[in-house]
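[1] okay, predicted coordinates and the sequence, questions at the end:
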Amino acid sequence: MASRLRIPRRLPTTILSGFSAFVGVVVLPSHLTLASIPIPSESLQLAQSSEADESVVPVYELTPPTMQPAAQPDRMQPNAVLDHPSVPSTTDEYWVSGLYRDNAGNLWVASWQGLACIDPNTGQILSRFVIENSTIDAIAQDQSQHIWIGAYDGLRRIDPNTGIITPQPLSLPSEHVLSLLVDRRGLLWVGTDFGLALVNPEQGTLVTTLQTLPGGTASTLVLDGEGHLWVGTINGLVRINTASALVMSQMTQLPGQIVQALAVSPDNALWVGTPAGLLVVDPTTNTVVRNVTQFRGRSVTSIQFDRSNSLWVGTENGLFRVNQNNGAIISQTIDLPSSQVLDIIPDTGNKVWVGTTEGLAWISQTTGVTRSHLAFSRRNF
């Protein structure tokens, strides 16, 4: 996501001990361009993506996956369909560990297969990148439209126009990057398992680090209504002044203690997911104002608000749509590739995209129909 302590916003703690095998040194090519790689015309896409036809099961061109040599450098690949692989897969092959909607409305998907950019309206894979011997857990886009990815072996920048992947040899508190966020000034905050760093993405330079961050691990980040940074740690919440990079306040002794997910509601309340439930925090008083009854005892791994102000809550045992005013569960989504939800992105191609431990799915925000994206899912329905 050895003694690396990773209490992630998305992955269950019971499987962390096996992750060390995926960390290694990556040798990158001196250049790589999209123009040098042919993209097949038979692109992967949803068969019918209009609202009138969303009840139709998506159809994909199914071809055997191409096996890559273990020692290849980072690169971008043409479209490939990886459903029903012809060789046995590891139990982690279909995990979708991160989702991100870029400024053009495209969806970036981080999985154990690498990184892909897809058109959320059709499901077409626009580009694919393989990051050898590592796993991506965080994605962000800077003001120059570069994509930044955080992995277990450091920080990289991708130019989506050329496909060039550039490693960032910065003196981060740790090479194990867990979270990324671009603030209102365009600066990039980098959360690691041993503190927080601030990077100038335009210059590619380190501005400052917070190695003495209370709680240590910066697993999840969000900006509040005043533009300050809230950091979810293994020991509660920390609020950072983004102008000075100084700690403003800390909240400990939360129910569940470990913060796995954060979101800010339209009324600027802070919603917090922990292994023990779903909390609402008043960011002006640093107090817990609600412990949502319906989620007490549930491990909340992801939280997102959609454009209708509905709250989507991902847990280790299901995805729920919630009324933020009273905490009532409006609906539970079934037929996901797995009930163990890792990430959620709503309002993207008129769909809610869901990353799980068994693949990627989408839910129509018009009809409520749920479908798997077969390039990223084990299940075929």
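    Looks like it arrived, so ask away.

[2] bridging residues for the spatially most central residue of the chain?
    Centroid-nearest residue in the chain: G98, 2.4 Å away (criterion: Cα atoms, centre = their mean). G98 has these beta-bridge partners by DSSP bridges: A110.

[3] now do the strands in the stretch 201-350 of the chain.
    Counting by DSSP state E, counting those that start in this stretch, one finds strands in the stretch 201-350 of the chain at the ranges 205-210, 220-223, 229-233, 236-241, 246-251, 261-264, 270-274, 277-282, 287-291, 300-305, 311-315, 318-322, 329-333, 341-345.

[4] let's have these in a markdown table, adding mean pLDDT.
    Shown next, in a markdown table, are these (pLDDT from 0 to 100):
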| stretch | mean pLDDT |
| --- | --- |
| strand 205-210 | 95 |
| strand 220-223 | 98 |
| strand 229-233 | 98 |
| strand 236-241 | 96 |
| strand 246-251 | 95 |
| strand 261-264 | 98 |
| strand 270-274 | 98 |
| strand 277-282 | 98 |
| strand 287-291 | 96 |
| strand 300-305 | 98 |
| strand 311-315 | 98 |
| strand 318-322 | 97 |
| strand 329-333 | 96 |
| strand 341-345 | 98 |
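
[5] of all those strands, which lies closest to G191?
    strand 220-223 (5.6 Å; Cβ to Cβ). Using the backbone N, CA and C atoms, a C-beta is placed for each residue, glycine as well.

[6] quick check: closest non-adjacent residue to W362.
    Spatial nearest neighbour of W362, excluding adjacent residues (Cβ to Cβ, 6 or more residues apart in numbering): K351 at 4.2 Å.

[7] identify the bridge partners of the one you found.
    S364.

[8] measure it to G191 for me?
    28 Å (Cβ to Cβ, to the nearest Å).

[9] of the two, who's got more company?
    Neighbour count, other Cβ atoms under 10 Å: between K351 and G191, G191 has more, with 32 against 25.

[10] name the helix or strand for the more buried one, please.
    strand 188-192 (DSSP states H and E).

[11] flag every buried residue along that strand.
    Within strand 188-192, the residues that count as buried by 16 or more other Cβ atoms under 10 Å are L188, W189, V190, G191, T192.

[12] re earlier: now render the strands of the stretch 201-350 of the chain as a markdown table, adding distance to L115 and mean neighbour count.
    Listed next are these as a markdown table, based on distance: least, Cβ to Cβ, whole Å; neighbours: other Cβ atoms under 10 Å:
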| stretch | distance to L115 | mean neighbour count |
| --- | --- | --- |
| strand 205-210 | 23 | 15 |
| strand 220-223 | 19 | 22 |
| strand 229-233 | 23 | 26 |
| strand 236-241 | 28 | 21 |
| strand 246-251 | 32 | 16 |
| strand 261-264 | 21 | 22 |
| strand 270-274 | 24 | 26 |
| strand 277-282 | 30 | 20 |
| strand 287-291 | 36 | 14 |
| strand 300-305 | 19 | 24 |
| strand 311-315 | 21 | 25 |
| strand 318-322 | 23 | 21 |
| strand 329-333 | 25 | 14 |
| strand 341-345 | 14 | 25 |
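
[13] so can I have TSV of those showing distance to N103?
    Output for these, formatted as TSV (distance: least, Cβ to Cβ, whole Å):
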stretch	distance to N103
strand 205-210	23
strand 220-223	16
strand 229-233	20
strand 236-241	24
strand 246-251	29
strand 261-264	19
strand 270-274	24
strand 277-282	29
strand 287-291	33
strand 300-305	18
strand 311-315	22
strand 318-322	26
strand 329-333	27
strand 341-345	14
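
[14] these: which one's closest to F129?
    strand 341-345 (17.9 Å).

[15] other SSEs contacting the strand holding G191?
    With contacts taken as 3 or more Cβ pairs under 8 Å, 6 or more residues apart in numbering; DSSP states H and E, strand 188-192 sits against strand 147-151, strand 177-182, strand 195-200, strand 220-223.

[16] can you redo the ones you listed as JSON lines with distance to L311?
    Output for the helices and strands packed on strand 188-192, formatted as JSON lines (distance: least, Cβ to Cβ, whole Å):
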{"stretch": "strand 147-151", "distance to L311": "26"}
{"stretch": "strand 177-182", "distance to L311": "20"}
{"stretch": "strand 195-200", "distance to L311": "27"}
{"stretch": "strand 220-223", "distance to L311": "14"}
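
[17] no further queries at this time; thank you.
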